[in-house]
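Visitor: Okay, here's the prediction I keep looking at, along with the sequence it came from:
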Amino acid sequence: MKIFGMDFSCALDSLSKAQFPEKDCLLPLISKLLGYSIVAASTTVKLPQILKILKHRSVRGLSVLAFELEVVGYTIALAYCLHKSLPFSAFGEYVFLLVQAIILVAIIYYYSQPVGIKTWIKALLYCAVAPTVLAGQVDPVLFEALYASQHAIFLFARIPQIWANFTNKSTGQLSFLTFFMNFAGSIARVFTSIQVKAPASVVLGSLIGMMTNGTILTQIAIYQKPPAKEKKIE
């Protein structure tokens with residue numbers, strides 16, 4: 001019995017005989033289930049960050065460069081996975097993360113008025129180049145180079161934010177929930193990538209995500225101040 005590419009027949013057959021499924025039967029199924037869980041969770045992973053900015057009408061403590069690089073990184077990662085014809089459960093989260101990342105950058109621009117000419121140039125350049133990359137209309141050698149650089153892009157997308165948090169001893173409007181989901185998703189994606197025998201570069205990307213998101217998550221836990229209690233007037 002197959003559902004969304006997941007073969008349950010092996011596991012169900014073992015359970016019907018009151019036996020625990022074999023590792024070779026169980027691990028691929030767990031990998032698929034985890035993969036689809038990651039994709040499902042990714043539909044809202046950046047929503048807490050978006051809502052926090054809208055609530056406070058502020059982007060205090062947020063590195064604009066970090067979020068811009070994140071959009072570039074997601075675009076390259078999605079294009080590469082499509083080019084390699086990986087199963088949707090192995091990369092589907094990039095679709096939703098990219099859409100949310102673009103919305104998030106637009107909101108950051110809105111609350112970072114006035115927007116300079118350089119910002120408009122970067123936005124227009126992305127709109128011109130992204131469709132070509134996503135369509136895979138890029139030389140194969142250049143594609144591999146782009147994907148190789150994607151890891152550096154994601155790393156440098158986090159470093160400005162990590163450094164800003166460290167120097168300010170504050171994480172501003174960063175959302176704990178968003179980075180917690182990013183961190184948990186990176187851990188799960190390492191396992192699923194290994195199971196579907198994804199290229200080593202894909203696994204490396206998940207490991208980098210786990211490390212950098214874990215660092216920011218720790219900073220939020222350390223630097224985020226509890227809300228001030230209101231004094232009662234007697």
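Guide: Cool, the structure landed. These numbers were taken from a predicted model, which means no experiment stands behind them.
Visitor: any chance you could map the helices in this protein?
Guide: Taking DSSP state H as the criterion, the chain contains helices spanning 9-16, 23-42, 47-56, 64-83, 93-110, 117-134, 140-168, 176-195, 200-223.
Visitor: Make TSV out of those helices and add mean pLDDT and mean neighbour count.
Guide: For every residue, glycine as well, the C-beta is placed using N, CA and C. TSV is the format used below for those (pLDDT from 0 to 100; neighbours: other CB atoms under 10 Å):
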stretch	mean pLDDT	mean neighbour count
helix 9-16	59	13
helix 23-42	72	17
helix 47-56	91	16
helix 64-83	89	21
helix 93-110	92	19
helix 117-134	92	13
helix 140-168	85	16
helix 176-195	84	20
helix 200-223	87	18
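Visitor: residues in contact with residue 219?
Guide: Contact partners of residue 219, counting by CB atoms under 8 Å, 6 or more residues apart in numbering, are 162, 165-166, 171.
Visitor: please redo it, this time with the cut-off set to 10 Å
Guide: With contact taken as CB atoms under 10 Å, 6 or more residues apart in numbering, residue 219 is in contact with 161-162, 164-166, 169-171, 174, 179.
Visitor: One more: residue 218?
Guide: When contacts are taken as CB under 10 Å, 6+ apart, residue 218 is in contact with 162, 165, 179, 183.
Visitor: chain center to stretch 41-61: distance?
Guide: In terms of CA atoms, centre = their mean, to the nearest Å, the gap separating the centre of stretch 41-61 from the centre of its chain is 14 Å.
Visitor: Then stretch 137-150?
Guide: Between the centre of stretch 137-150 and the centre of its chain there are 20 Å (CA atoms, centre = their mean).
Visitor: Stretch 146-157 now?
Guide: 13 Å.
Visitor: got the CA coordinates for it in CSV?
Guide: Once side chains and other backbone atoms are set aside, the C-alpha atoms of stretch 146-157 remain, and they are given as CSV (Å, rounded to 0.1, in the frame of the first residue of the first chain):
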residue,chain,number,x,y,z
LEU,A,146,26.1,28.0,-7.5
TYR,A,147,25.0,25.2,-5.2
ALA,A,148,28.5,24.9,-3.8
SER,A,149,28.3,28.6,-3.0
GLN,A,150,24.9,28.2,-1.4
HIS,A,151,26.4,26.7,1.7
ALA,A,152,28.6,29.8,2.1
ILE,A,153,25.6,32.0,1.4
PHE,A,154,23.5,30.4,4.2
LEU,A,155,26.5,30.6,6.5
PHE,A,156,27.1,34.3,5.8
ALA,A,157,23.4,34.8,6.0
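Visitor: And the contacts of that stretch?
Guide: With CB under 10 Å, 6+ apart as the criterion, stretch 146-157 contacts 63, 65-77, 79-81, 83-84, 101, 133, 138-139, 199, 201-202, 204-205, 207-209, 211-213.
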